[in-house]
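Novice: sequence unavailable; structure follows:
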């Protein structure tokens, strides 16, 4: 009998093995999400169709990015891309973050310049100063996000 990394357990216990994919549960269409209420489905999102325009007042969303929006980076790209996608769906989305120069997008509220900060072996351009904190608080208050 082979030894196991778990003391006293048979070989293979506690180790991940290949399991066949579970079949879809009956009664729930593919692509739905279980909630406390009935299953919800986002129509048209995964099929490539654009969602229906909102029929009520649009939701106001504020996305806060801690990194300078004028410098390239993964977080910045994700935040700006999410804001563009939300705007395309009829949501009023604004991005709040530090900018070292002109804002890269019309929906950006600049919160001042960033300071290159060394963290975890890399340089992150963030705005950790109290003035940026106050500008963030004011922008959140003035924009009246939902």
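Specialist: Happy to help now that I have it. Every value quoted in this text rests on a predicted model; they were computed, and no experiment measured them. Numbering: from 1, shown residues only.
Novice: C-alpha from now on. contacts and neighbour counts both.
Specialist: OK.
Novice: and residue 142, how many neighbours?
Specialist: 9 (other C-alpha atoms under 10 Å).
Novice: distance of it relative to residue 82?
Specialist: 22 Å (C-alpha to C-alpha, to the nearest Å).
Novice: also residue 104?
Specialist: From residue 104 to residue 82 the distance is 14 Å (C-alpha to C-alpha).
Novice: swap in residue 128?
Specialist: As judged by C-alpha to C-alpha, residue 128 and residue 82 stand 24 Å apart.
Novice: the closest residue to residue 76 other than its chain neighbours: which element?
Specialist: Spatial nearest neighbour of residue 76, excluding adjacent residues (C-alpha to C-alpha, 6 or more residues apart in numbering): residue 69 at 5.7 Å. Of the helices and strands defined by DSSP states H and E, none includes residue 69.
Novice: quick one: low-confidence ranges for this protein?
Specialist: 1-55 (pLDDT under 70).
Novice: for it, just list every one of the helices.
Specialist: In the chain, the helices defined using DSSP state H lie at 74-88, 130-143.
Novice: residues in contact with the last one?
Specialist: The set of residues that contact helix 130-143 without belonging to it, under C-alpha atoms under 8 Å, 6 or more residues apart in numbering, is 62, 96, 98, 109, 111-112.
Novice: if you count neighbours, what's buried in it?
Specialist: The neighbour-count check on helix 130-143 (16 or more other C-alpha atoms under 10 Å) flags 132, 135-136, 139 as buried.
Novice: including distance to residue 116, could those go into a markdown table?
Specialist: Listed next are the buried residues of helix 130-143 as a markdown table, based on distance: C-alpha to C-alpha, whole Å:
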| residue | distance to residue 116 |
| --- | --- |
| 132 | 14 |
| 135 | 19 |
| 136 | 19 |
| 139 | 23 |
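Novice: could I get the full set of strands for the chain?
Specialist: 60-64, 92-97, 108-110, 115-119, 122-126 (DSSP state E).
Novice: other SSEs contacting the last one?
Specialist: Packed against strand 122-126, as judged by 3 or more C-alpha pairs under 8 Å, 6 or more residues apart in numbering; DSSP states H and E, are the following elements: strand 115-119.
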